[in-house]
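Engineer: can't give you the sequence, but here's the structure:
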């Protein structure tokens, strides 16, 4: 796994969810067009490019975020460090670094690609559907968080045991178990066997 320094610059985010375009892809991840964000998530969902970031501290604990209550999709649920969608033509790595900075106020000091996973997860509460070709990234966070309250309700660093306890009592995003399972080999390489991931 190659490790590359990640940099991100702050850019303004567009709060109008239906005006943001997503990159539609085929089953091999090849771009085939674009669709407005909200329309792409209406049942049955359009397969689109996404990313999921998993950042860890120096003790090997995973940074979770609770999605802000004002988000149109899966508000108030816990999930991985950061997830989202590249703009059409934007590299997934660049999008992951950008959104991590926009949501949490930090740039990962190290971030590496960790493969892709394809899934179809309907959200029972909103009725929206996540049909995603998801690019996975793992990295480290080594500076204080400055979460944007419009994006993030809360954060927590957790060990594997603490994650299991939290997962049993709190609501997590529908996609979280899928992306966590897919990223585990890269997480073990990053954190080492003693972290228990």
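Structural biologist: Nice, I can see it. The model shown is predicted, which means the values in this text are computed figures rather than measured ones. Residues are numbered from 1 along each chain as shown.
Engineer: can you give me the strands in this structure?
Structural biologist: Listed in chain order, the strands of the chain (DSSP state E) span 21-25, 31-36, 48-56, 62-67, 78-79, 82-84, 110-122, 129-140, 152-158.
Engineer: now the fourth one: mean pLDDT?
Structural biologist: What it means is strand 62-67. Mean pLDDT, strand 62-67: 98.
Engineer: show me what that strand is packed up against.
Structural biologist: The contact analysis (3 or more C-beta pairs under 8 Å, 6 or more residues apart in numbering; DSSP states H and E) places strand 62-67 against strand 48-56, strand 78-79, helix 92-104, strand 152-158, helix 160-169. The way it works is simple: take the backbone N, C-alpha and C, and place the C-beta from them, glycine included.
Engineer: of all the strands of the chain, which one comes closest to residue 188?
Structural biologist: strand 129-140 (9.7 Å; C-beta to C-beta).
Engineer: now the angle from the closest one to strand 21-25?
Structural biologist: Orientation check (axes from the mean of the first three to the mean of the last three C-alpha atoms, to 10 degrees): strand 129-140 against strand 21-25 gives 100 degrees.
Engineer: ok now strand 129-140, how far from the chain's centre?
Structural biologist: Distance of strand 129-140 from its chain centroid, counting by C-alpha atoms, centre = their mean, to the nearest Å, is 6 Å.
Engineer: paired strands for that strand, with orientation please.
Structural biologist: strand 48-56 (parallel), strand 110-122 (antiparallel) (DSSP bridges).
Engineer: any chance of a markdown table for the ones you listed, columns mean pLDDT, distance to residue 195 and mean neighbour count?
Structural biologist: As requested, the strands paired with strand 129-140 are exported to a markdown table (pLDDT from 0 to 100; distance: least, C-beta to C-beta, whole Å; neighbours: other C-beta atoms under 10 Å):
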| stretch | mean pLDDT | distance to residue 195 | mean neighbour count |
| --- | --- | --- | --- |
| strand 48-56 | 98 | 8 | 26 |
| strand 110-122 | 96 | 15 | 18 |
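Engineer: could you export those as JSON lines, including distance to residue 97?
Structural biologist: Listed next are the strands paired with strand 129-140 as JSON lines, based on distance: least, C-beta to C-beta, whole Å:
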{"stretch": "strand 48-56", "distance to residue 97": "8"}
{"stretch": "strand 110-122", "distance to residue 97": "6"}
